[in-house]
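Participant: Sharing a sequence plus its predicted fold:
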Amino acid sequence: MTKKSPHAPSTASIQSITAQLGCSRIIATILVNRGIQSPEAAKRFLNPSLAHLRPPFGVKDMGRAVERIAAAIKKKEQILIFGDYDVDGITSTVLLYEFLRALDAQVSFHIPHRRKEGYGLSESHIVDVAIPAETDLIITADCGSSSYRAVTKAHLEGIDIVVTDHHNITVPPPEAAAVVNPKRHDCAAGFEHLSGVGVVFCLLICLRKHLRDLNFWAHGPEPNLKRLSDIVALGTVADQVPLVKENRILTRVGMDQINTGSRCGIIALMKASGLDRLESSDDIAYRLAPRLNAPGRMEHADIAVRLLTSEDQAVAENLAEDLNRLNTERQRTEQSIMDDIEKCLFKFPALLSGSALVMWDAGWHEGVLGIVAARLVAKYLRPVVLISTKDGIGKGSGRSVPGFDLYEGLKLCESMLQAFGGHAAAAGLKIETDRIDLFATAFEAAVKKLNLPNNLESVYPIDYELNLDQATPDLLDALEMLQPFGQGNPEPVFMARNIRVTSQRVVGIKHRQMHLAQDGSRSIPAIQFNIDPNLPEKDCFETVLFNLRWNRWNGKRKPQIIVRECVGG
């Protein structure tokens, strides 16, 4: 049974916000539920702007990074951007590349092949990529915090490295020219919530200011960072960082920028995804991001970089179709692994007797293991690590549950690992195959030692008890002002009582379409996803928990209830 956690918000704050903003009590209550206590904070939340960004100049090593990059630009040094192969790394790379190219810098990029090169900057990249390109400066994008050997090798070869990253970082950081990572233990700037692309955007704010002070743009316009915010929104949503503070601003502004249709690569990707415009962050999370991730998982991520930097619509549309094809291939591969695991768990149910799940196989494609792990976490409510031993060495991905820090769990097992990295919710690792059994035992112990939460059932905090006749167009429009929704700013959950089901049918095998009414009110279309089609139908419910959205189709819109849970009846 799902637990309910109704809020007890401050009545005074609700009244103040309602009076000064002229909004409904429903919206004011939702805002207070999210920690927004004053009308001034509410105004900023509802109308995010780049002008509201806090100055990022205090991030540790930001000044050193800016000065080194500015020197490379002025001296026409060879700059190599080294990015990760996920959406956050891809967008971080694109953001740096486009900004530096606009400054006429001598810049190129390299994103490693997931299977052939693995994650992160290594010594071999210094030897095989940087030195042949006569590189003077490497800027990492969404990686580099654990690249100690690569930094040392680069220094010996006379190559400087500026690290930009947001993954967990050990003490001390690599001895690079600069390590810009808000998660550094000696960084108190308060930007640790940023994604990798958010860190890069902050770097560009500071770099632009530095170059402005040097009168760099005496004879031309400065780069417009707002026009680059579309790229930031993609990486921020895809990396599932909390959509609060700067992340909320960058995502909201970036989504608006995407809807201007100014970047042909994104327009082509939206078209290939069946989208005319972005309506919510879900469109990025579930339509655009999987396609941008697909080439890095299945072939090579530079396809996605080429798409986002393309200035030719026909080329962009061809690349978007390539991403569609790779995403379909990714889905098939993912489902095949999921089926294998489910069969194994059915045959050996004792595998689910512990607090964690660690599994491995030589036939698994390492590029999709993170997605499969996330599906298993959602189903079995425990940390999951999946390892491919395809090439004679174990390469794995892990996903965690709320309340358990996966990175810290792996850190307790680091003596058994060749390498690992990531953060609380997701991580990757490399391990010798003959040590996987030992690792599985040690990881189970680590989960228990770090106190995995006892109750991992889903919780739907109720924002407001709503009568269905309150689901007016004005309310739905106001709810859209609360977007983007995500971690830290969940979509509002409403509760309604004594609900009648006026019609219902199962669609797509396991989804139920309904019309719901209450006390003689008009009926509202509703849908409940992932039901058990074998359960008997009911014509009434004592309580329904739901989200409320506009459902847009063919230029028209109508209210829709997204049912989260039905109780009684």
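Facilitator: Everything's here; your move. Numbering: from 1, shown residues only.

Participant: Tell me how far the helix or strand where L475 lies lies from the chain's centre.
Facilitator: Per DSSP states H and E, L475 falls inside helix 473-480. From the chain centre to the centre of helix 473-480 is a distance of 26 Å (CA atoms, centre = their mean, to the nearest Å).

Participant: Which is the succeeding secondary structure element to the longest helix along the chain?
Facilitator: Using DSSP state H, we find that the single longest helix of the chain is helix 313-347. Next helix or strand after helix 313-347 toward the C-terminus (DSSP H and E): strand 357-361.

Participant: Can you tell me what sits against that next one?
Facilitator: The contact list for strand 357-361 (CB atoms under 8 Å, 6 or more residues apart in numbering) reads 337, 340-341, 344, 351, 376, 380, 382-389, 394, 396, 433, 436, 439-440, 443-444. Backbone N, C-alpha and C define where each C-beta goes, glycine included.

Participant: Restricted to helices, list those residues.
Facilitator: 337, 340-341, 344, 376, 380, 436, 439-440, 443-444.

Participant: Where do the helices of the stretch 101-250 of the chain begin and end?
Facilitator: For the stretch 101-250 of the chain, helices defined by DSSP state H, counting those that start in this stretch occupy the ranges 114-117, 123-125, 148-156, 196-213, 229-238, 245-258.

Participant: Least confident of those, on average?
Facilitator: Of all these, mean pLDDT reaches its minimum on helix 114-117 (a mean of 89).

Participant: And the helices of the stretch 101-250 of the chain: which comes nearest V180?
Facilitator: Evaluated with CB to CB, the helices of the stretch 101-250 of the chain place helix 196-213 nearest to V180, the distance being 6.0 Å.

Participant: Now do that closest one: distance to the chain's middle.
Facilitator: Using CA atoms, centre = their mean, the offset of helix 196-213 from its chain centre is 21 Å.

Participant: Could you number the chain from 867 rather than 1 from now on?
Facilitator: Got it, the first residue is 867 from now on, which makes the last one we talked about helix 1062-1079.

Participant: Pull out the buried residues from that helix.
Facilitator: 1062-1074, 1076-1077 (16 or more other CB atoms under 10 Å).

Participant: And the ones in helices among the contacts of strand 1223-1227, which of them are buried?
Facilitator: So, by 16+ other CB under 10 Å, the buried ones in those are 1203, 1207, 1242, 1246, 1302, 1305-1306, 1309-1310.

Participant: Map the structural domains onto the sequence of the chain.
Facilitator: As recorded under automatic domain parsing, the domains making up the chain are 869-913+1325-1433, 928-1091, 1214-1315.

Participant: will you turn the ones you listed into JSON lines that also has distance to V1110?
Facilitator: Listed next are the domains of the chain as JSON lines, based on distance: least, CB to CB, whole Å:
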{"stretch": "domain 869-913+1325-1433", "distance to V1110": "4"}
{"stretch": "domain 928-1091", "distance to V1110": "6"}
{"stretch": "domain 1214-1315", "distance to V1110": "15"}
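
Participant: for Y951, what are its contacts?
Facilitator: 977-980, 985, 1162, 1166-1167.

Participant: if we can go back for a sec, looking at the domains of the chain, which is buried most?
Facilitator: Each of the domains of the chain was scored by mean neighbour count; the highest is domain 928-1091, a mean of 21, by mean count of other CB atoms under 10 Å.

Participant: now do the same end-to-end measure for that domain.
Facilitator: One end of domain 928-1091 sits 18 Å from the other (CA to CA, to the nearest Å).

Participant: Now find how far off-centre it is within its chain.
Facilitator: For domain 928-1091 - counting by CA atoms, centre = their mean - the centre lies 20 Å from the chain centre.

Participant: Now do the phi/psi pair for the nearest residue to D950 once chain neighbours are set aside.
Facilitator: In this structure, D950 finds its nearest non-sequential neighbour in D1008, 4.2 Å apart by CB to CB, 6 or more residues apart in numbering. Phi and psi for D1008, reported as degrees, to the nearest 10, are phi 70, psi 30.

Participant: Ramachandran coordinates for R1366?
Facilitator: phi -100, psi 140.

Participant: Surely it and H1381 touch.
Facilitator: No. Judged on CB atoms under 8 Å, R1366 makes no contact with H1381 at a distance of 9.1 Å.

Participant: before we move on, the earlier item: who are the packing partners of the helix holding L1341?
Facilitator: helix 891-899, strand 1406-1419 (3 or more CB pairs under 8 Å, 6 or more residues apart in numbering; DSSP states H and E).

Participant: Just the residues contacting the first one, thanks.
Facilitator: Read it as helix 891-899. So helix 891-899 is in contact with 873, 875-876, 879-881, 883-884, 887, 908, 911, 1327, 1329-1330, 1332, 1336, 1341, 1344-1345, 1347-1348, 1358, going by CB under 8 Å, 6+ apart.

Participant: cool, stretch 912-926 as well?
Facilitator: 887, 910, 928-929, 1045-1048, 1050, 1052-1057, 1065, 1068-1069, 1071-1072, 1075, 1091-1092, 1095, 1111-1112, 1114-1116, 1118-1119, 1347-1348.

Participant: how about that stretch: buried residues?
Facilitator: In stretch 912-926, counting by 16+ other CB under 10 Å, buried: 912, 914, 919, 922, 925-926.

Participant: Kindly check the end-to-end length of it for me.
Facilitator: Using CA to CA, the two ends of stretch 912-926 sit 30 Å apart.

Participant: Just give the nearest non-adjacent residue to K1424, would you?
Facilitator: N1417 (5.6 Å).

Participant: can you check K909 too?
Facilitator: Closest to K909 by CB to CB, 6+ apart is L887, at 6.7 Å.

Participant: How about the contacts made by that neighbour?
Facilitator: Contacts of L887 by CB under 8 Å, 6+ apart are 894, 905, 908-909, 912.

Participant: related to what we said a few turns ago, the helices of the stretch 967-1116 of the chain: which one's closest to R1430?
Facilitator: Across the helices of the stretch 967-1116 of the chain, closest to R1430 is helix 1095-1104 (CB to CB), at 21.2 Å.

Participant: where does the chain have low pLDDT?
Facilitator: 867-875, 1318-1326, 1435 (pLDDT under 70).

Participant: do that again at 50, thanks
Facilitator: 867-872 (pLDDT under 50).

Participant: Contacts only, for V995.
Facilitator: Contacts of V995 by CB under 8 Å, 6+ apart are 946, 948, 976, 1001.

Participant: let's see it at 6 Å
Facilitator: H976 (CB atoms under 6 Å, 6 or more residues apart in numbering).

Participant: before we move on, the earlier item: could I get the helices and strands packed on helix 1339-1346 as a markdown table with distance to N1396?
Facilitator: As requested, the helices and strands packed on helix 1339-1346 are arranged in a markdown table below (distance: least, CB to CB, whole Å):
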| stretch | distance to N1396 |
| --- | --- |
| helix 891-899 | 25 |
| strand 1406-1419 | 15 |
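
Participant: To Y963, which of those lies closest?
Facilitator: That would be, of those and by CB to CB, strand 1406-1419, which comes in at 34.2 Å.

Participant: got the angle between whichever helix or strand comes after that closest one and strand 1406-1419?
Facilitator: Next along the chain after strand 1406-1419, taking DSSP H and E as the criterion, comes strand 1422-1433. Relative orientation of strand 1422-1433 and strand 1406-1419, computed by axes from the mean of the first three to the mean of the last three CA atoms, to 10 degrees: 150 degrees.

Participant: Report the angle between strand 1422-1433 and helix 1339-1346.
Facilitator: Using the same axes, to 10 degrees: strand 1422-1433 against helix 1339-1346 is 80 degrees.

Participant: List the strands paired with strand 1422-1433, with their directions.
Facilitator: Sheet pairing of strand 1422-1433 (DSSP bridges) gives strand 1390-1394 (parallel), strand 1406-1419 (antiparallel).

Participant: okay, those in JSON lines with distance to D1026 next?
Facilitator: Formatted as JSON lines, those follow (distance: least, CB to CB, whole Å):
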{"stretch": "strand 1390-1394", "distance to D1026": "54"}
{"stretch": "strand 1406-1419", "distance to D1026": "49"}
